[in-house]
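Peer 1: The following comprises the amino acid sequence and a computationally predicted model.
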Amino acid sequence: MGKVSVIIYITVALLVLFLISHSPNKHPDHRNHYRRLKLRSNFKFGRDHQHEPVAFDPLVADMERIREDRQWEKEYIQHEHPELISTHQDAPGHESQPEWEDFMDAEDYLNDEQRFNVTNRLILLFPKIDVDPADGFLTESELTEWNLKQAKKEVFHRTQREMEIHDKNHDGFVSFAEYEPPGWVHNLDNTSLGYNMGWWKEEHFNASDADGDGLLNLNEFNDFLHPADSKNPKLLQWLCREEVRERDTNSDGKIDFKEFFHGLFDLVRNYGEENHNASQSSDDLMEIPAKQLFSELDKDGDRHLSDVELLPIIGKLHPSEHYYAKQQAEYTISQADTDKDGHLTLVEMIENPYVFYSSIFSDDDEDDYEYHDETTRAVEFNFFSSKYFKFHRISNY
């Protein structure tokens, strides 16, 4: 069955290439209007709460990880070992130049049509995504699972990198004594805003310790760094307690309706909604659904929400990678689903390559690409297609 699917995909791709190569709507002189592929730079040293979309193509994601690792190493030395920089002023400069040249080589690779061909990549990746079932159509569910797989790989890679730093004795575990909070924590005192809500606290560490041995293995450490994606009930309960501590303005240990309405309800209501404008809905209009939800959560009827009662909505207060993967899948389909039937074919993907590689296009060229009509689709496809339709060694990604 798998071989049959591959043959079908290749046959369809060859047919599309043939039709477009004989299309009268060719405009080779428009090549300068295509945007250059660039590797993203989303790295920020420390805990970055802004979620970035994962790269659709695993090959591009690997390139971005290599770049991020180099940036991370440089920032780590600057933050944690500044004495190395002050002692060896020449070293960083001499080392950074070759790294930048290597990075530019990677971008040149992405923009070399013979080595990295977007059409070939989409043809190669399509059957890897079209698995449930393998019917020649990509559903939102299949795209979500694909995005989630790429995101988990990215998250786990960053966890492994952090593990190497905090596992002082290199035994494959991190103890609380080994884990050091970020430098700015040391400047806080018990009265500082947010001091008691620190993710670096021992309570968080113990909640992440699923087997209770006092140490965090790699999976537990991954949960520690990314609690929203954990299935550990102790850790999810810790997240609920953190919400109570953050929203409990009168310090009574629970959330009353006022604290819920002005602190949590908007987050729950807007879960899954894009481009929401809070000004469109007045407090008076929202108070009724807010009271209804509050009542549903208030199981003991004491007119307050405990940390246990927040558990049903904690996933909406702290969205997981699955949430973002689904959003990305919905957006992809909305942009590339030409016939609006709710799923994608290989032809639709090939006709809309920018949808899948848009996150790595240069912003500098945004003005050079302002329209997508039937004529420009043909030009786009010709630009990204290879003359000889050949697969390269990178096809194992």
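Peer 2: Cool, got the structure. Residues are numbered from 1 along each chain as shown.

Peer 1: Test my guess that W72 contacts E162.
Peer 2: No. W72 is beyond contact range of E162, at 9.4 Å (criterion: Cβ atoms under 8 Å). C-beta: built from backbone N, CA, C; applies to glycine.

Peer 1: element containing K128?
Peer 2: Per DSSP states H and E, K128 falls inside helix 118-129.

Peer 1: pLDDT (mean, whole number) over that helix?
Peer 2: Average pLDDT, helix 118-129: 94.

Peer 1: Likewise for stretch 206-224?
Peer 2: 96.

Peer 1: I would like the residues contacting it, please.
Peer 2: 155-156, 159-160, 162-163, 166, 172-176, 179, 204-205, 227, 229-230, 232, 234-235, 237-238 (Cβ atoms under 8 Å, 6 or more residues apart in numbering).

Peer 1: Would you mark the buried spots in the helix holding K128?
Peer 2: By 16 or more other Cβ atoms under 10 Å, the buried positions in helix 118-129 come out as 118-127, 129.

Peer 1: ok, of those, which one's closest to E64?
Peer 2: Within the buried residues of helix 118-129, the smallest distance to E64 is 15.1 Å, found for R121 (Cβ to Cβ).

Peer 1: what about the stretch 51-200 of the chain, any weak spots by pLDDT?
Peer 2: For the stretch 51-200 of the chain, the stretches flagged by pLDDT under 70 are 51, 79-80, 84-105, 181-200.

Peer 1: show me where it has helices.
Peer 2: For the stretch 51-200 of the chain, helices defined by DSSP state H, counting those that start in this stretch occupy the ranges 58-80, 82-87, 90-110, 118-129, 140-166.

Peer 1: Check which helices and strands the last one sits against.
Peer 2: Helix 140-166 makes packing contacts with helix 58-80, helix 118-129, helix 218-225, helix 321-336 when contacts are defined by 3 or more Cβ pairs under 8 Å, 6 or more residues apart in numbering; DSSP states H and E.

Peer 1: ok, back up a step: any idea which of the helices of the stretch 51-200 of the chain is most buried?
Peer 2: helix 118-129 (a mean of 21; mean count of other Cβ atoms under 10 Å).

Peer 1: If I take that helix and helix 58-80, what angle do their directions form?
Peer 2: 90 degrees (axes from the mean of the first three to the mean of the last three Cα atoms, to 10 degrees).

Peer 1: For whichever strand or helix holds K258, which outside residues touch it?
Peer 2: Element membership for K258, per DSSP H and E: helix 257-263. By Cβ under 8 Å, 6+ apart, the surrounding residues in contact with helix 257-263 are 246-250, 255, 283, 286-287, 290-291, 294, 303, 305.

Peer 1: Report the buried members of those residues.
Peer 2: Using 16+ other Cβ under 10 Å, the buried ones in the contacts of helix 257-263 are 246-248, 255, 290, 294, 305.

Peer 1: now, which of the residues you listed sits nearest R269?
Peer 2: Closest to R269, out of all of the buried ones among the contacts of helix 257-263 and judged by Cβ to Cβ, is A290, at 8.0 Å.

Peer 1: The closest one and D266 touch, don't they?
Peer 2: No. Look at A290 against D266 with Cβ under 8 Å: they stay out of range, at 9.2 Å.

Peer 1: If I look at R31, what pLDDT would I see?
Peer 2: 33.

Peer 1: quick thing: my sequence starts at 279, can you match it?
Peer 2: I'll keep to 279 as the first residue from here, and by that count the last item is R309.

Peer 1: Quick one: name whatever helix or strand follows the helix holding K536.
Peer 2: Where DSSP H and E defines the elements, the next helix or strand beyond helix 535-541 is helix 543-547.

Peer 1: one step back: quick one: closest of the helices of the stretch 329-478 of the chain to Y632.
Peer 2: The stretch from the helices of the stretch 329-478 of the chain with the least distance to Y632 (Cβ to Cβ) is helix 396-407; that distance is 9.0 Å.

Peer 1: so that closest one versus helix 418-444, what angle?
Peer 2: 90 degrees.

Peer 1: now for helix 396-407, which elements pack on it?
Peer 2: helix 280-299, helix 418-444, helix 624-629, helix 631-635, helix 652-662.

Peer 1: With just CA atoms, put it into CSV.
Peer 2: Taking C-alpha atoms only, helix 396-407 is exported to CSV below (Å, rounded to 0.1, in the frame of the first residue of the first chain):
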residue,chain,number,x,y,z
VAL,A,396,10.6,23.4,-2.4
THR,A,397,8.4,21.5,-4.8
ASN,A,398,10.4,18.3,-4.3
ARG,A,399,10.4,18.8,-0.5
LEU,A,400,6.6,19.1,-0.5
ILE,A,401,6.3,16.0,-2.7
LEU,A,402,8.6,14.1,-0.3
LEU,A,403,6.8,15.3,2.9
PHE,A,404,3.3,14.8,1.8
PRO,A,405,3.1,11.0,2.3
LYS,A,406,4.8,11.4,5.7
ILE,A,407,1.9,13.6,6.8
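
Peer 1: before we move on, the earlier item: among the buried ones among the contacts of helix 535-541, which lie within helices?
Peer 2: 524-525, 568, 572 (DSSP state H).

Peer 1: R345 contacts A384, correct?
Peer 2: Yes. Using Cβ under 8 Å, R345 is in contact with A384, at 7.4 Å.

Peer 1: Please enumerate residues in contact with the helix or strand hosting L514?
Peer 2: Assessed by DSSP H and E, L514 sits inside helix 511-525. Here helix 511-525 makes contact (Cβ under 8 Å, 6+ apart) with 474-475, 477, 481-482, 484-486, 488, 501-502, 505-506, 508, 531-533, 537-538, 541-542, 583-586, 588-589, 592, 595-596.

Peer 1: Give me the buried stretch members for it, please.
Peer 2: Quick answer for helix 511-525 (16+ other Cβ under 10 Å): 513-522, 524-525.
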